[in-house]
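K.L.:
I would like the atomic coordinates for the input below:
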Amino acid sequence: MAVEVLDTSTEAVIPGTGFTKAHQLFRETVRRFVDQDINPYIDAWEEAQIFPAHELFKKAGDLGLLGLSYPVEYGGMGGDYWYNLAMSEELARVRGGAIPMAIHVQTDMATPALNQYGSHELKKKYLEPTIRGEAVCSIAVTEAGAGSDVASIRTKAEREGDEYVINGSKMFITNGAQADWLCLLVRTTPGKSFKGMSLIIVPTDAKGFSVSKKLKKMGNWSSDTAELVFDNVRVPVSNRIGEEGQGFTYQMQQFQNERLISAVGAAAGAAKILKMTIEYCRGRSTFGKPLIENQWIYFKLTELISEVEFLKQMCYHCGRIMDRGEDYTREASMAKLKAGRLVREVADTCMQFHGSMGYMEEYPMARYYRDSRLMSIGAGADEIMLGIIAKFEGIAPPRQ
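P.N.:
Numbers count the residues shown, from 1 in each chain. Take a look at the predicted model:
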């Protein structure tokens with residue numbers, strides 16, 4: 001049963017944020033979802049290296065979690081983006097990073113451009129069932145030779161009458177093995193200009209589409225990551241999102257959602273691991289006293305707690321900029337950069353303080369250590385974030 005249309009009142013309950021009492025009550029729904037429908041099964045999904053996306057997303061859709069800030073007209077909850085941020089923080093309660101990432105692909109990566117620029121017909125056909133959890137979707141941008149350098153993609157869509165004929169491949173695609181449709185970035189104009197790209201919805205039952213293989217990863221095991229192949233795949237021109245040639249621009253706008261939602265979740269996840277480490281150090285004694293009484297340990301943990309708080313507040317700052325309708329690319333890039341580097345430090349430090357216990361697979365620390373490393377790579381590597389920030393600061397050299 002879906003929740004009612006969300007309260008969008010602006011009376012903040014947490015000073016300096018956009019969270020209201022309604023947002024805080026909403027968190028309870030996400031917590032129950034995590035505690036009842038994810039955490040009891042996450043170990044088995046990790047072992048199987050896949051999770052039942054259609055089953056889980058249907059449960060999420062029934063709770064109204066997959067269209068929090070999307071229009072009621074298409075089954076969304078009509079809330080503001082602070083609901084998305086609240087859900088990201090609560091999903092950090094999941095014992096692993098794979099499922100939150102898969103859900104955020106559905107809510108904040110594959111669907112924003114469709115929601116903002118797609119035609120009414122396209123939204124009725126693809127966005128609406130996705131919000132209900134009846135369809136699984138994926139964002140297909142990365143290629144073997146074009147990761148962070150999005151402008152170098154080679155997968156192409158050539159127009160033949162009222163259809164696009166798509167050829168090429170995509171790599172490292174989250175939800176790729178289970179997706180019902182893809183938000184695909186392709187080149188619709190020959191050449192290398194970013195102005196020659198478009199976003200096109202591709203149903204995965206289209207003739208010529210195939211999942212070449214499901215990829216094995218260092219971490220995030222239960223999230224299916226795939227290599228996709230397009231061999232003369234035909235889709236209607238009406239499946240294009242917005243204007244032809246504007247796909248790169250739409251995708252860059254979507255990246256800001258993705259980077260912000262990832263950073264706020266990273267902050268919440270790091271806080272959880274630090275709390276777990278503190279509890280472990282209180283209960284583990286060496287040389288006659290608890291580990292937590294070692295000054296180096298409690299000083300280092302305090303330093304990391306402070307860094308995590310700074311990251312969280314930076315994410316909230318992005319939310320406030322968004323509320324004003326202003327561009328937050330600079331700040332989102334800073335948050336993403338800081339998040340990637342900080343979770344690596346948290347993972348390494350907390351692993352060290354756990355000692356051999358942290359290195360064991362049956363303990364949560366090992367999974368966090370593996371899963372968190374992706375933060376500095378996915379959605380734009382650290383080096384890309386540095387380049388974006390340098391550009392905004394006017395210190396990057398001009399493009400040749």
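K.L.:
would you map the strands across the stretch 201-350 of the chain?
P.N.:
209-214, 225-236, 240-241, 285-286, 289-290 (DSSP state E, counting those that start in this stretch).
K.L.:
in stretch 129-142, which residues are buried?
P.N.:
If you call a residue buried by 16 or more other CB atoms under 10 Å, then stretch 129-142 has these buried ones: 129-133, 135-142. Any C-beta I mention is one placed from the backbone N, CA and C, and that applies to glycine too.
K.L.:
same thing with stretch 351-360?
P.N.:
Applying 16+ other CB under 10 Å to stretch 351-360 flags 351, 353-354, 358 as buried.
K.L.:
residues in contact with that stretch?
P.N.:
277, 280-281, 291, 297, 301, 350, 363, 365-366, 369 (CB atoms under 8 Å, 6 or more residues apart in numbering).
K.L.:
ok, the buried residues of stretch 351-360 vs residue 345, which is closest?
P.N.:
Residue 345 has its nearest neighbour among those in residue 351, at 10.7 Å by CB to CB.
K.L.:
excluding chain neighbours, what is closest to residue 61?
P.N.:
Residue nearest to residue 61 in three dimensions, not counting chain neighbours: residue 133, with 2.3 Å by CB to CB, 6 or more residues apart in numbering.
K.L.:
distance of that neighbour from residue 24?
P.N.:
24 Å (CB to CB, to the nearest Å).
K.L.:
try residue 248
P.N.:
On the measure of CB to CB, residue 248 and residue 24 end up 38 Å apart.
K.L.:
of those two, which one has the most company?
P.N.:
residue 248 (21 against 12; other CB atoms under 10 Å).
K.L.:
now do the same contact list for that one.
P.N.:
150-151, 185, 194-195, 197.
K.L.:
and these, which is closest to residue 78?
P.N.:
Of those, the one sitting nearest to residue 78 (CB to CB) turns out to be residue 185, at 28.1 Å.
K.L.:
need the contact list for the closest residue to that closest one other than its chain neighbours.
P.N.:
Nearest-residue entry for residue 185: residue 141, 4.7 Å, with adjacent residues in sequence omitted and distances by CB to CB, 6+ apart. Residues in contact with residue 141 (CB under 8 Å, 6+ apart) are 150, 153, 170, 185, 251.
K.L.:
got the phi and psi for residue 141?
P.N.:
Dihedral angles of residue 141 (phi, psi; degrees, to the nearest 10) stand at phi -120, psi -50.
K.L.:
again with residue 49
P.N.:
phi 60, psi 40.
K.L.:
any idea how far residue 361 is from residue 221?
P.N.:
In terms of CB to CB, residue 361 sits 11 Å off from residue 221.
K.L.:
these two - which one has more neighbours?
P.N.:
residue 221 (22 against 12).
K.L.:
that one and residue 101 touch, don't they?
P.N.:
No. Between residue 221 and residue 101 there is no contact under CB atoms under 8 Å: 11.5 Å.
K.L.:
partners of the helix or strand of the chain with the lowest mean pLDDT in the sheet?
P.N.:
When the helices and strands of the chain are scored by mean pLDDT, DSSP states H and E, strand 285-286 comes last with a mean of 86. Strand 285-286 pairs in its sheet with strand 289-290 (antiparallel), by DSSP bridges.
K.L.:
distance from the chain centre to the partner strand, please.
P.N.:
Here strand 289-290 is found 40 Å from its chain centre; the criterion is CA atoms, centre = their mean, to the nearest Å.
K.L.:
got the contact list for that strand?
P.N.:
281-284.
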